[in-house]
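S.K.: Sequence plus predicted model, see below.
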Amino acid sequence: MTSARISIIPEFEEKIEKEGVQEYFTVTNNEILNKFSGSSILFRGIKTSSGNQTANLKSIQGITTFVGDEMEEWESEEDYEKLILSIRQKNKQLRVILILNPTDSDHFIYKKYIENTHKIVQIDGVDVQISTHPDVLHIHTTYLDNIENLSEQFLSNIERIKQESIEQCTINGKLDQALFNKSKYALKIIGRWSDMAEGVIFTNWKEGDFDTSIPYCYGQDYGFSIDPDTLVKGAIDHKRKIIYADEKYYGNNQLSTDDLYLLNKSLIDRENDLIVGDSAEPRLIEDLRKKGLNIKSTKKKPGIVSASILKMLEYQIIVTENSHNLKKELRNYTWNDKKAGIPIDKHNHLIDALRYGFIELDEPIQNDLQQIASIL
C-alpha cells in the first residue's frame, strides 16, 4: 500500500520517535509491530468497486480493531457489513473506528448510526447531528479544536467563509437558522450532514423499485480528466408520469474503448439493449457500435439541456436504493441561473446520462423538447 508508506507510516514513526520509544517497534512498508506487546498495525487498501481487496481483508486472521479512513467515500453498506462481521475475536475488546468528513445524509453511515438516533449540538452556531446510537461513541471535531496549530492565513480564509455564509443567511437583520445550517460554513467547515443543496433542481424524486414491465434503455456519459464514465438504466411510465432510474456504473477509471465495451456488455440486461451516449464523443460511440453494442448518440440542440430538465420536472422520478451516486447528484444539482434555465456544470454525470435515455424513449417527448428548446 504505497499511500501508507508515504503518508500514515511516516507520521507514526515521527510520533514514536518523539516519545523516544522507537526501539519497541518494527516498521515495514505495510505493517508496524509492537515488539513489547506483540500487537500489529496492518495497513491495507480497500477497493470496494472490485471487491477483491475487501475479500483480502476478510482473510486476515485475528483483527480486533478496524480503522477506516475517508469513510465518506465508501458507498457500499453490504461490503462494510461483510468486513465488520469478520471482526469476531473471542474474549477481546473489538472496535470499529470510522474516520470521515460528513457528507450527504443519504450515506449508509448516517442512515445506520445517526438518522434515527441523534441529538443536535450547536457548534459555532451550526446545528450538528451527533449520534446517540447505543453502540456508538460519536466524536465530532472541527478546526476549532486544533486552532493553535493552524496558520493565520488558513484561519483568515475560514473567517471569510463564515462571514459570507452569515451574510447570505441573514434576512431582515436576522440570521435564518435553517439557511445557515445549509451554508458552506455549516457543511464544509463545521461538518453538518447535508440534507439537500440550496436551490436544488430535482425535488421530484424518491427511492423505490425499478418497474421492469415497461420499455427501457440505457444512458451513458463519458468522463474526461477527473469526470467519471457513467451508465444509467431508465424507463418511463407515460400514463402515470413516472421516470425510473437505476445507476449501473459510476467510475473515474478513464476506461479504454475495449474496457468500456466489456463493461457495457456486462451491465446491460440483454445483448441488443439500446445505449444512448453523449453526442460529444461520436468517434467513441462509433467504435463501440462496431464492436457490437446497440449504441447511438443522443440528440443535442441549443437549449435541449434546459428543455429536457423542465420536461423531467413534470414527472416523478423513482431511484433505486443502490443508486448512491445518482441520489447524491440529485441532492446537489442546482441552477446556475434559474431565470435563464441554466444549471451548474457539475453533479450531473449520471443525471445527464438519465436525460439521454429520457429524450430517446419516446418520439412525442422529443417533439415537445424541440418546441420548448426553440423558445428558450
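M.R.: Alright, I've got the coordinates.

S.K.: can we go C-alpha only for contacts and neighbour counts from here?
M.R.: Noted.

S.K.: Would you state the strands of the stretch 201-350 of the chain in chain order?
M.R.: Secondary structure of the stretch 201-350 of the chain (DSSP state E, counting those that start in this stretch): strands at 205-207, 216-221, 229-237, 242-251, 274-277, 294-297, 316-319, 335-337, 342-343.

S.K.: Residues contacting the first one, please?
M.R.: This points to strand 205-207. 316, 317, 318, 319, 320, 321 (CA atoms under 8 Å, 6 or more residues apart in numbering).

S.K.: Pull the number of nearby residues for the residue lying closest to residue 93 once chain neighbours are set aside.
M.R.: Nearest residue to residue 93 in three dimensions, chain neighbours excluded: residue 64, at 6.9 Å (CA to CA, 6 or more residues apart in numbering). A total of 15 residues lie near residue 64 under the criterion other CA atoms under 10 Å.

S.K.: before we move on, what about residue 209?
M.R.: Neighbours of residue 209 using other CA under 10 Å come to 13.

S.K.: Next: residue 148.
M.R.: Neighbour number of residue 148 under other CA under 10 Å is 9.

S.K.: For residue 101, see how far away it is.
M.R.: Counting by CA to CA, to the nearest Å, the gap from residue 148 to residue 101 is 21 Å.

S.K.: what's the answer for residue 21, then?
M.R.: Distance from residue 21 to residue 101, by CA to CA: 32 Å.

S.K.: Show me which of those two is the more surrounded one.
M.R.: residue 101 (19 against 11).

S.K.: Within the helices and strands, which one has the more buried one?
M.R.: Following DSSP states H and E, there is no helix or strand that holds residue 101.

S.K.: What residue, apart from its backbone neighbours, is nearest residue 242 spatially?
M.R.: Among residues not flanking residue 242 along the chain, residue 316 sits closest, at 4.8 Å (CA to CA, 6+ apart).

S.K.: which residues touch the residue nearest to residue 93?
M.R.: Contacts of residue 64 by CA under 8 Å, 6+ apart are 87, 88, 89, 92, 93, 94, 95.

S.K.: part of a helix, is the second one?
M.R.: If I follow you right, that is residue 88. No: according to DSSP: H, G, I helix; E, B strand; the rest coil, the state of residue 88 is coil, so it is not within a helix.

S.K.: what bridges to residue 337?
M.R.: residue 342 (DSSP bridges).

S.K.: how much space between it and residue 161?
M.R.: For residue 337, the distance to residue 161 - CA to CA - is 22 Å.

S.K.: Which one of those two is surrounded by more residues?
M.R.: residue 161 (18 against 10).

S.K.: The more buried one contacts residue 185, doesn't it?
M.R.: Yes: using CA atoms under 8 Å, residue 161 and residue 185 qualify as a contacting pair, with a distance of 6.0 Å.

S.K.: Find out how far stretch 326-338 is from the centre of the chain, if you would.
M.R.: Computed by CA atoms, centre = their mean, to the nearest Å, the chain-centroid distance of stretch 326-338 equals 13 Å.

S.K.: burial of residue 287, as a residue count?
M.R.: For residue 287, using other CA under 10 Å, the count is 15.
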